[in-house]
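Undergrad: need coordinates for the following:
(2 chains)
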Amino acid sequence: DTGVSQDPRHKITKRGQNVTFRCDPISEHNRLYWYRQTLGQGPEFLTYFQNEAQLEKSRLLSDRFSAERPKGSFSTLEIQRTEQGDSAMYLCASSLTSGLAVYNEQFFGPGTRLTVL
Amino acid sequence: KNEVEQSPQNLTAQEGEFITINCSYSVGISALHWLQQHPGGGIVSLFMLSSGKKKHGRLIATINIQEKHSSLHITASHPRDSAVYICAVETSGSRLTFGEGTQLTVNP
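TA: Numbering: from 1, shown residues only, chains lettered A, B, ... in the order given. As a prediction, this is how the structure comes out:
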């Protein structure tokens, strides 16, 4: 399967613990996005990378959240000292963007569902 | 007020009906996306458009840039069309800003 993959698919943790999620984008895609979706709502933008550079972060991304894409391929999203309000689906998407592209299609992974007890 | 508003929030139809979902936005955009999300979370891109109209099978998407409005139409709806349909606008850096989604249920 050459689509976007995310690991784990589900994570249950206790409040105060740290969690890390991984996203593997489509191999030639240079952009990688993280979104968060709570129940009954549309996704919300968290951050995105172009290659290994983190170009934009949402105000939603508090100091407890950090994302990396060290080699411009896979990305990790870490949440430290989790809170119950962090419970959500964390979605990753990737796209191939060039300077000539007017707009780009984003391909989404299946998401990681986080439950903080 | 959200930057992207969809209506209706919930829609129930009988198989075969013509369905319209509306999306209004308040920001400048480079493109508008229609996405489909099935139970369990998987999101699939249906359309990207910046002007006019696009058609794919029984799905049609239109956009009016001046009025900042888009519609998604489904002709001859089928129970397998049941899903959440999400409108998203593409702004700076290609980040997407999403509407809250429309839950569509098509009954046989």
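Undergrad: how about stretch A:52-60: buried residues?
TA: Neighbour-count burial for stretch A:52-60, counted by 16 or more other C-beta atoms under 10 Å in any protein chain shown, picks out A:54, A:56, A:58. Glycine gets a C-beta too; all of them are placed from N, C-alpha and C.
Undergrad: list the pairing partners of the helix or strand where the second one lies within its sheet, with orientation.
TA: In the assignment (DSSP states H and E), A:Glu56 maps to strand A:53-57. In the sheet, strand A:53-57 lines up against strand A:44-50 (antiparallel) (DSSP bridges).
Undergrad: give me the contact list for the partner strand.
TA: A:30-37, A:54-58, A:60-61, A:65, A:67, A:69, A:72, A:75, A:77, A:97, B:93-98 (C-beta atoms under 8 Å, 6 or more residues apart in numbering or on different chains).
Undergrad: avg pLDDT for that strand?
TA: The average pLDDT within strand A:44-50 is 93.
Undergrad: kindly export that strand (C-alpha atoms) in PDB.
TA: The C-alpha trace of strand A:44-50 is given here as PDB (Å, rounded to 0.1, in the frame of the first residue of the first chain):
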ATOM      1  CA  GLU A  44      -8.400  21.700  12.600                       C
ATOM      2  CA  PHE A  45      -5.000  22.500  11.200                       C
ATOM      3  CA  LEU A  46      -2.100  22.000  13.600                       C
ATOM      4  CA  THR A  47       1.100  22.300  11.600                       C
ATOM      5  CA  TYR A  48       2.800  21.500   8.300                       C
ATOM      6  CA  PHE A  49       6.200  20.700   6.900                       C
ATOM      7  CA  GLN A  50       7.800  21.300   3.500                       C
END
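Undergrad: picking that back up, in a markdown table: the buried residues of stretch A:52-60, plus distance to B:Leu49.
TA: Below are the buried residues of stretch A:52-60 laid out as a markdown table (distance: C-beta to C-beta, whole Å):
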| residue | distance to B:Leu49 |
| --- | --- |
| A:Gln54 | 29 |
| A:Glu56 | 23 |
| A:Ser58 | 25 |
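Undergrad: residue contacts, the nearest residue to A:Gly111 once chain neighbours are set aside?
TA: Nearest residue to A:Gly111 in three dimensions, chain neighbours excluded: B:Gly41, at 4.0 Å (C-beta to C-beta, 6 or more residues apart in numbering or on different chains). By C-beta under 8 Å, 6+ apart, B:Gly41 lies in contact with A:37, A:89, A:91, A:110-111, A:113.
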